[in-house]
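Student: the following comprises the amino acid sequence and a computationally predicted model.
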Amino acid sequence: MTKERLKELSFEQLQGLSRKMKLDFSINEDKETLVENILEAIQEDNLEREELNNLATQMESHKYDVALIEELFTPYDEEEELAESYNQDRIVLMLREPSWGFAYWDISNQVKQELEEDEGFEGLTLRLVELSDNYYHPDSIIDFFDITTTSKHGQRYFNLPSEEAYYGAELIALSSQNERVLMRSNIINTTRTFIVPSINENQKSDMLIELSGFSRDETAYPGKKLKVKYPQRIIPIAKQEEEAENE
Amino acid sequence: MSSRGMISLVLNAHLPFVRHPEYDWFLEESWFFEAISETYLPLLRVFRALEADSIPFRLVFSISPTLAHMMDDDLLAERYINHLDSMLNIAESEIKRLKRDKKQKNIALMYQELFKQNRKDFVELYESKIINGFKEFRDKGYVEIITTAATHPFLPHFEAFPSAIKAQVDTAVKSHQRLFGENPKGFWLPECGYTPGLEDYFKNHDIKYTVLSAHGVLHADQKPEKGVYAPVTTKNNFHLFGRDRAASRAIWSFKSGFPGNPLYRDFYRDIGFDLPFEEIGPLLGDGNFRVNTGFKYWAITDHNSNNKSLYDPEAAQKQVVKDAEEFVANRLKQGDILSPLMDREPIIICSYDAELFGHWWYEGPAFIENIFRIMAKKDNPMSFTTPMDYLEKYPVNQKTTPAYSSWGEKGYGQVWLDGGNDWIYRHLHTMVERMCELIERYPDESGLKERVLNQAAREVLLAQASDWPFIIKTGTTVPYAIKRIKTHINNFNYIYDFLCSNVVKTDWLTTLEKKNNIFPDIDYRILAKLDE
């Protein structure tokens, strides 16, 4: 649930949501204030949940505590090195958390050589493709965005714009003439971070949700499931300015 | 059955496979020895005391395959007894050192008694195999033992490699059958790491349930009408229970939860670090540097200060009873509020790392004992049950698919995938793919080649343990974690290269088999590529 998503709701929907979340508000309050109040309430819940999970991690780490200075105890004869590359063309996409993904890739020696020998080669780009389903097909592409990269990087974290969406990644070689898709990744599905509203109101169920530790119902307005758009931090500044003007 | 509802205490016991026969003494084996001394043996004594007094108790104990194997290992059993003997040496030395300080000396005597009792229980009662203790209480109906993934990986980070996940589940079930003589009914997801579709891997094994973080259940694709107080069911009839946040916070929160009480024993102030090295050094490990001993004399007192009061065991025990009373009272209150809202008994899932009780929170085992004792005295108590018991009474539950979630920091996969540890995945995933390739090339080997391939499969699984990226992230024994990952990766790659050149170094293989002797009946074909 983000500010952008709440701003997309109508004034009446925001009031309905405030009521559902048992937030006090005045009939004269403007949309901006309603949005801020709802967001603050949700963030309190998120912080609480994160804190609880953080505590579990802290506690768990203590079972590996044995000595203060581990580095002194290194009966290892030599430093082990790992292969820098496996000489294969592969890109793998992983979902780290609802709005962040991670991709790593490897480029085979043959392809590296081809790119070096291509006089028109301009560079590599990582393309994140949003799909309507769990497969690649021109008809299933909804949207995409590009991240400039180099063959040196080999990996990248990136923000994922939409919840409950399918994403794939492509590593593309750009040249003056065309784009060449070098490899394509597996497809991941971003998760939702809200409680799906019921079709029917059920007060007992709402109370059970609240007692489950979620003091407020993190849903969109009942009956409507909105697609969430997270701000994409890699939008070029010129495009951001353009979008701001359009708003 | 109580109308107030049911409570299910689910303890997850896990340690990574650590066994170093190539050294006389190895620091990280202490993880296992400390957990036995401070958690597993004390908890078994709690069960025995409750049984002796006819106090009803029932709980779930998830024992990871790596831990179960170590519990059954002869070398580690021998080393644990040596560890106990060295603890008893420290106790004697401490009792002499503290002869003029009655209060501290009494604490030293307390530890001496602990280690003496531990030695007696371990050697005489459990015949040097602590796994026997858990099996005993399982057979008597008090403890339901479930399993978890073979080497405890964070499964969602292997989602793109289904053969890896299947191998982890299949190996875990086989290991559980071998060590416990039964099929597990429940499966603890490592770090409660769930992603939709994981339930598909359980359908061939008659595994019925798991436990998720609350937000995994609550963010399901249908709103869970009963919150986390009843399980939800996925399309293949697999049931997922949600952890209760209030019960979690009461234990997990060091500052505001029970374990943080100022009267309880402080974890950090250990004589291994407090005493002058010339005095304590010769008694520690290999005598070369400071380690935890378990001899701690100070109470938490104040979280924000290094000024600590002397630990008072009697005062701590009284506090334990108070805290257990509060915990029980709060669960009963929950039951009273929840029951009228539901058309069935609610279940409150209280799940924790087992090692929290005793190793981290010294008084933890006594707390567990007291919650059973206190509940037993209540009119209309809540019953302690297991998720399996609940499912037998309520087999039909709301159908929905939970959301990606974990109980790790911030609730998803961040801990096991961040700037410090992300480098591992290209190697771990490559191992899986190369193993598939080897299986296609050698589908039906026997003799030496089969041994080699089986060892390759072990190295693949051992490298995937979530402990390594966790340790790198949280910064405890980082050099060891990095060493372990690299070693397993390189062991596998040596085998891969041997097989490509059709040369096998038998000495090297035999040494490795004897060292990484886990999953003795592994079949390398478990890592075969799945049909799409």
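Tutor: Happy to help now that I have it.
Student: ok, which stretches of the stretch 101-250 of chain B are strands?
Tutor: Per DSSP state E, counting those that start in this stretch, the stretch 101-250 of chain B carries strands over the ranges B:143-148, B:187-188, B:209-212, B:232-233, B:239-242.
Student: got CSV for those strands, with mean pLDDT, mean neighbour count and distance to chain A too?
Tutor: For every residue, glycine as well, the C-beta is placed using N, CA and C. Output for those, formatted as CSV (pLDDT from 0 to 100; neighbours: other CB atoms under 10 Å in any protein chain shown; distance: least, CB to the nearest CB, whole Å):
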stretch, mean pLDDT, mean neighbour count, distance to chain A
strand B:143-148, 98, 26, 14
strand B:187-188, 98, 26, 14
strand B:209-212, 98, 26, 12
strand B:232-233, 98, 24, 12
strand B:239-242, 98, 26, 7
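Student: ok, which of these comes nearest B:Tyr352?
Tutor: strand B:209-212 (10.7 Å; CB to CB).
Student: any low-confidence regions in the chain?
Tutor: Since no chain was named, I'll use chain A. A:1-5, A:8, A:20-22, A:42-56, A:65-79, A:151-153, A:214-247 (pLDDT under 70).
Student: wrong chain, I was asking about chain B
Tutor: Looking at chain B by pLDDT under 70, you get B:1-2, B:254-255, B:532.
Student: which parts of it are strands?
Tutor: B:6-13, B:59-63, B:143-148, B:187-188, B:209-212, B:232-233, B:239-242, B:347-353, B:383-384, B:398-399 (DSSP state E).
Student: show me what the third one is packed against.
Tutor: Other helices and strands packing on strand B:143-148, by 3 or more CB pairs under 8 Å, 6 or more residues apart in numbering or on different chains; DSSP states H and E, are strand B:59-63, helix B:65-71, helix B:131-139, helix B:162-180, strand B:187-188.
Student: could you dump that strand to PDB, C-alpha only?
Tutor: The C-alpha trace of strand B:143-148 is given here as PDB (Å, rounded to 0.1, in the frame of the first residue of the first chain):
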ATOM      1  CA  VAL B 143       5.600 -35.000  21.200                       C
ATOM      2  CA  GLU B 144       4.800 -35.000  17.500                       C
ATOM      3  CA  ILE B 145       8.100 -35.000  15.600                       C
ATOM      4  CA  ILE B 146       8.100 -33.400  12.100                       C
ATOM      5  CA  THR B 147      10.800 -32.600   9.600                       C
ATOM      6  CA  THR B 148      12.100 -29.800   7.500                       C
END
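Student: show me what it pairs with in its sheet, parallel or antiparallel.
Tutor: Note on strand B:143-148: by DSSP bridges, its sheet partners are strand B:59-63 (parallel), strand B:187-188 (parallel).
Student: which residues does stretch A:171-186 contact?
Tutor: A:89-93, A:103, A:105, A:107, A:111, A:115, A:118, A:120-127, A:136, A:146, A:149, A:168-170, B:160 (CB atoms under 8 Å, 6 or more residues apart in numbering or on different chains).
Student: which ones among these map onto helices?
Tutor: Cross-referencing the contacts of stretch A:171-186 against helices under DSSP state H gives A:111, A:115.
Student: Produce a ChimeraX select command limited to the buried residues of the contacts of stretch A:171-186.
Tutor: This is how ChimeraX selects the buried members of the contacts of stretch A:171-186, with burial counted by 16 or more other CB atoms under 10 Å in any protein chain shown:
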select /A:90,91,92,93,103,105,107,111,115,121,124,125,126,127,149,168,169,170 /B:160
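Student: what about B:Phe238, neighbour count?
Tutor: 20 (other CB atoms under 10 Å in any protein chain shown).
Student: who are the contact partners of the closest residue to it other than its chain neighbours?
Tutor: Here the nearest residue to B:Phe238 in space, its sequence neighbours aside, is B:Glu199; by CB to CB, 6 or more residues apart in numbering or on different chains that works out to 3.9 Å. Shown in contact with B:Glu199 (CB under 8 Å, 6+ apart): B:234-236, B:238, B:240.
Student: ok, now with 7 Å
Tutor: Listed by CB atoms under 7 Å, 6 or more residues apart in numbering or on different chains, the contact partners of B:Glu199 are B:234, B:236, B:238.
Student: dump those into TSV; add distance to B:Arg373 as well.
Tutor: Shown next, in TSV, are these (distance: CB to CB, whole Å):
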residue	distance to B:Arg373
B:Thr234	37
B:Asn236	40
B:Phe238	35
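Student: do stretch B:17-32 and chain A meet at all?
Tutor: Yes: contact between stretch B:17-32 and chain A, assessed by CB under 7 Å from any CB of the partner chain, occurs at B:23, B:27-28, B:30-31.
Student: of all residues in chain B, which one is closest to chain A?
Tutor: B:Arg245 (3.0 Å; CB to the nearest CB).
Student: now whatever residue of chain A ends up closest to chain B: closest residue in space that isn't a chain neighbour?
Tutor: Going by CB to the nearest CB, chain B is nearest to A:Gly213 of chain A, at 3.0 Å. Leaving aside its sequence neighbours, A:Gly213 sits nearest to B:Arg245 (CB to CB, 6+ apart; 3.0 Å).
Student: B:Arg434 contacts B:Ile495, correct?
Tutor: No: using CB atoms under 7 Å, B:Arg434 makes no contact with B:Ile495, being 9.4 Å away.
Student: pick out whichever of these two has more residues nearby.
Tutor: B:Ile495 (25 against 21).
Student: turn the strands of the stretch 101-250 of chain B into JSON lines, columns for distance to B:Ile130.
Tutor: Output for the strands of the stretch 101-250 of chain B, formatted as JSON lines (distance: least, CB to CB, whole Å):
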{"stretch": "strand B:143-148", "distance to B:Ile130": "13"}
{"stretch": "strand B:187-188", "distance to B:Ile130": "19"}
{"stretch": "strand B:209-212", "distance to B:Ile130": "24"}
{"stretch": "strand B:232-233", "distance to B:Ile130": "35"}
{"stretch": "strand B:239-242", "distance to B:Ile130": "28"}
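Student: out of these, nearest to B:Gly475?
Tutor: Using CB to CB, the nearest of the strands of the stretch 101-250 of chain B to B:Gly475 is strand B:143-148, at 24.3 Å.
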